[in-house]
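**Q** Give me a 3D structure for the following:
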Amino acid sequence: MRKLVMVFALGAMLGSCGSDAADIDVASLDSPCGCTEAAISVMDEMIALVAEAKDLGEDASEDDQKDITAKGEALQAKMTEIETKCVGDLAAEKAGDDCEAKKNLPKKMEEYGKALSGM
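**A** Numbering: from 1, shown residues only. Got it, this is the predicted structure:
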């Protein structure tokens, strides 16, 4: 189980620089702040998924492992979709100083890294 989660987590971390992330309509993202908010939403779910995997432990059932893997793959796909869309003028760096998500992104990335390091 641990190796399975680590593979997901590493992929998610390498692919990543409120609401259910699956419901994010990436095509409608039209601002750097909106893109950053979407990325943070996905990262929040990734952090929660890592915690869930840790709670299940190495003795997790095969169904639980499959569920964690499926959720991880879906989150990674959503993050990739956001990253593909949110480049150039939509990149997080282009968000204004009034964008709270831009201020929170480095902290969120650090939080995610810490969640992974405790595995």
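
**Q** Wait, A101 touches L29, no?
**A** No. Assessed by C-beta atoms under 8 Å, A101 is found out of contact with L29, at 11.8 Å. Using the backbone N, CA and C atoms, a C-beta is placed for each residue, glycine as well.

**Q** Report the contact partners of the residue nearest the centre of the chain.
**A** The residue lying closest to the centre of the chain (C-alpha atoms, centre = their mean) is M43, at 2.7 Å. By C-beta atoms under 8 Å, 6 or more residues apart in numbering, M43 lies in contact with 16, 79, 108-109, 111-112.

**Q** Out of those, which one has the lowest pLDDT?
**A** Note: of these, the lowest pLDDT belongs to S16, at 40.

**Q** for this structure, what are the low-confidence residue spans?
**A** 1-19, 118-119 (pLDDT under 70).

**Q** Count the neighbours of the closest residue to E93 other than its chain neighbours for me.
**A** With C-beta to C-beta, 6 or more residues apart in numbering as the criterion, E93 has its nearest non-adjacent residue at 7.5 Å, and that residue is P32. Residues near P32, counting by other C-beta atoms under 10 Å, number 21.

**Q** how close does P32 sit to E83?
**A** 13 Å (C-beta to C-beta, to the nearest Å).

**Q** Looking at the contacts of M43, which one is closest to E52?
**A** Closest approach between the contacts of M43 and E52, by C-beta to C-beta: Y112, at 14.0 Å.

**Q** Go ahead and list the helix or strand containing the closest one.
**A** In this structure, Y112 sits in helix 100-117 according to DSSP states H and E.

**Q** Which other helices and strands does that helix contact?
**A** helix 2-15, helix 32-56 (3 or more C-beta pairs under 8 Å, 6 or more residues apart in numbering; DSSP states H and E).
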